[in-house]
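In: predicted model, plus sequence, below.
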Amino acid sequence: MNIDLHKLTAALLYNPQDPILFNSGFFLYFFAALLLCYQFVHRSPRGRVWLFTLFSLYFFYKACGYYVGLVILAAIVDFNLSRWIYYSESRAKRNALLTFSIVVNLGLLFYFKYTDFFIGILNDLELGHFRPLKLLLPIGISFYTFENLSYTIDVYRRHFKPVDRFMDYLFFLSFFPKLMMGPIVRAADFIPQIDKPYHVTSEDISKGLYLIIAGLFKKVVISDYIYVNFVQYVFDDPSKHVGLECLMAVYGYAMVIYCDFSGYSDMAIGIARWIGFKIPPNFDSPYQSSSITEFWRRWHISLSSWLKDYLYIPLGGNRKGKTRQYINLMLTMLIGGFWHGANWNFIFWGGMHGLALAADKKRMEWEKRRQRPVSPAWRTVKKIGGILFTFHLVCFCWIFFKASSFSDAWTMLHQIFLNFDGGTWSAFYAGYSTVLWVMLLGYVLHFIPARTEERAVRGLQWLPSWSYVFILTGLIWAIIQVKTAQPVMPIYLQF
């Protein structure tokens, strides 16, 4: 009995080696307990808020331990600051309070995420000999920091009135499906749903089931398998692999990062739908984009729209001439790259996308001036060519995003362009045939038209409710058969 109690206590406490994830075994028990408790409070808006908030804070504790206190602290600070901003009649006071909110939020983010980065720069410039603090990055801090900032800024802009109850704001900030890896949800989209009567339609259930199934499949079956069995080996030391292997690893990583992040986002959105909340989509088949501008409308939509509304437009957007527009694009993408991590590779990755976006704006201006009619056939060719070019441009940038250093990135490119060795295809296929077929499956599923997904959701609506349990149980059993021995941490967990 003591042994069982010890195991139970250990399972309930935070374990840094085994944080809770949507695809972890403990999450099934967590979610089942939430749904069970929910039956007792689902008719009470206040009861739902307290239940979801407590479960969300516990979920975050299981993910990152006592760093859960940072979420509570951030909620306390911005709940009060936003109210003081809204009810203050002095513009100078409102400006000072907003500035203080931005400094506090970004200060916490910079302290944990970028302190060692700048210490390294100072040491490299021989401006001192400072010892790195080696701080652990709190999970999700980049996401809930941006949610805090958007809330306070929108209140400052008088876009909406701040909430009157602290628990409502803490609930919004800590809502567990989107807490660790987004999507970055705006308060204006989420908070109005809190006091609405609980109502889940058959479409919510079927759509939620579809998203959970699709997310689990993308994350565990496609992303984890490709990464563990192929991609990580090549990126760990590209000099040991010929260009053919390096190129296929780049294609593999493009699918890995998409299925990893979008899979987790799909699960978050699906779980939220099941408990009565709608979170905006975060991905829209980005590799179907025919231009880099379109790609950023489809990739990490919540971050792209945040950067546009709270950085690009305040910088001037396209309102101050073309040159200033290009500068604003570059600054926005550089900061977007820096948001991903304290690493020069991320900044370089953001800079390349900034240059690409500026060049794409120039291309669109040139095409608009020409205004020449084109045939449907040429339009199709142009569309396919645009998709292929954009995909390879994004893949080229992924090399710098994934590589641990510039040296590794340049080695990867050297192997691809100067040591391709296509004659090794037969041996390569023999060794990695399953990985290649899983990659192909991922790309085929990615390019399936959206209407096919809609038909699948409508088909699930006709199934009896008991069949959902059967489908999920079957999927979980299938995933257990193919999943990797050790769980693969989601890529965006580090951001």
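Out: Perfect, I can see it now.
In: could you list the low-pLDDT ranges of the chain?
Out: Low-confidence segments of the chain, defined by pLDDT under 70: 1-4, 465-466, 469, 473, 475-487, 495.
In: again, 80 this time
Out: Within the chain, the segments meeting pLDDT under 80 span 1-11, 16-25, 28, 124-128, 180, 182, 370-375, 457, 460-495.
In: would you map out the domains in it?
Out: 17-193, 202-494 (automatic domain parsing).
In: indicate which one of these is closest to residue 11.
Out: Closest approach to residue 11 among the domains of the chain is made by domain 17-193 (6.7 Å; C-beta to C-beta). The C-beta positions use only the backbone N, C-alpha and C, and glycine is treated the same way.
In: from start to finish, how long is the closest one in a straight line?
Out: When the termini of domain 17-193 are compared using C-alpha to C-alpha, to the nearest Å, they are 35 Å apart.
In: what's the spacing between that domain and its chain's center?
Out: Remark: domain 17-193 is offset 15 Å from the chain centroid, using C-alpha atoms, centre = their mean, to the nearest Å.
In: please, which helix or strand holds residue 389?
Out: Residue 389 is part of helix 376-402 when elements are defined by DSSP states H and E.
In: what residues of that helix count as buried?
Out: Buried positions in helix 376-402, judged by neighbour count with 16 or more other C-beta atoms under 10 Å: 387, 390, 391, 393, 394, 397, 398, 399, 400, 401, 402.
In: stretch 194-208 too?
Out: Buried residues in stretch 194-208, defined by neighbour count with 16+ other C-beta under 10 Å: 194, 204, 205, 206, 207, 208.
In: list just the nearest of the buried residues of helix 376-402 to residue 224.
Out: The nearest one, if we look at the buried residues of helix 376-402 relative to residue 224 and count by C-beta to C-beta, is residue 402, at 15.6 Å.
In: list the contacts for the closest one?
Out: With contacts defined as C-beta atoms under 8 Å, 6 or more residues apart in numbering, residue 402 is in contact with 235, 253, 257.
In: how many residues are close by the first one?
Out: Spelled out, that is residue 235. 22 (other C-beta atoms under 10 Å).
In: skipping its backbone neighbours, what lies nearest it in space?
Out: With C-beta to C-beta, 6 or more residues apart in numbering as the criterion, residue 235 has its nearest non-adjacent residue at 5.6 Å, and that residue is residue 402.
In: could you dump the contacts of residue 402 to JSON lines with secondary structure?
Out: Formatted as JSON lines, the contacts of residue 402 follow (DSSP: H, G, I helix; E, B strand; the rest coil):
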{"residue": "235", "secondary structure": "helix"}
{"residue": "253", "secondary structure": "helix"}
{"residue": "257", "secondary structure": "helix"}
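In: what's the closest of the residues you listed to residue 146?
Out: residue 257 (19.7 Å).
In: from what I can see the closest one touches residue 491, true?
Out: Yes. In this structure, residue 257 is within contact of residue 491 by C-beta atoms under 8 Å, at 5.6 Å.
In: so what's residue 264 up against?
Out: 22, 181, 215, 219, 490, 492.
In: tell me how far the fifth one lies from residue 139.
Out: Between residue 490 and residue 139 the distance, using C-beta to C-beta, to the nearest Å, works out to 10 Å.
In: likewise for residue 133?
Out: Counting by C-beta to C-beta, the gap from residue 133 to residue 139 is 18 Å.
In: of the two, which one has the most company?
Out: Relative neighbour count places residue 139 above the other of residue 133 and residue 139, with 23 against 11, counting by other C-beta under 10 Å.
In: what are the phi and psi values at that one?
Out: Main-chain torsions, residue 139, degrees, to the nearest 10: phi -60, psi 130.
In: isn't it right up against residue 65?
Out: No. Contact between residue 139 and residue 65 fails when scored by C-beta under 8 Å: they sit 9.4 Å apart.
In: what's the burial count for residue 53?
Out: Residue 53: 21 surrounding residues under other C-beta under 10 Å.
In: quick check: next helix or strand after the helix or strand containing it?
Out: Element membership of residue 53 [criterion: DSSP H and E] is helix 45-64. As assigned by DSSP H and E, the chain's next helix or strand after helix 45-64 is helix 68-87.
In: packing partners for the helix holding residue 53?
Out: Packing partners of helix 45-64 (3 or more C-beta pairs under 8 Å, 6 or more residues apart in numbering; DSSP states H and E): helix 25-41, helix 68-87, helix 166-174, helix 176-179.
In: which positions in the helix or strand following the second one come out as buried?
Out: Proceeding C-terminally, helix 68-87 gives way to helix 91-124 as the next helix or strand, assigned by DSSP H and E. Along helix 91-124, the positions that meet the burial threshold by neighbour count (16+ other C-beta under 10 Å) are 94, 97-98, 101-102, 104-105, 108-109, 112-117, 119.
In: of the residues you listed, which is the nearest to residue 28?
Out: Set against residue 28, the nearest of these by C-beta to C-beta is residue 112 (30.6 Å).
In: reformat the contacts of residue 264 as JSON lines; add secondary structure, neighbour count and distance to residue 157.
Out: Listed next are those as JSON lines, based on DSSP: H, G, I helix; E, B strand; the rest coil; neighbours: other C-beta atoms under 10 Å; distance: C-beta to C-beta, whole Å:
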{"residue": "22", "secondary structure": "coil", "neighbour count": "25", "distance to residue 157": "34"}
{"residue": "181", "secondary structure": "coil", "neighbour count": "26", "distance to residue 157": "27"}
{"residue": "215", "secondary structure": "helix", "neighbour count": "23", "distance to residue 157": "34"}
{"residue": "219", "secondary structure": "helix", "neighbour count": "26", "distance to residue 157": "37"}
{"residue": "490", "secondary structure": "coil", "neighbour count": "21", "distance to residue 157": "33"}
{"residue": "492", "secondary structure": "helix", "neighbour count": "20", "distance to residue 157": "28"}
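In: neighbouring contacts of stretch 28-46?
Out: If you take C-beta under 8 Å, 6+ apart as the criterion, stretch 28-46 is touched by 20, 47-48, 50-52, 55, 58-59, 62, 194-195, 197-198, 271, 275, 476.
In: now do 10 Å
Out: 11-12, 20, 22, 24, 47-52, 54-56, 58-59, 62, 165, 167-168, 176, 194-198, 200, 271, 274-276, 472, 476 (C-beta atoms under 10 Å, 6 or more residues apart in numbering).
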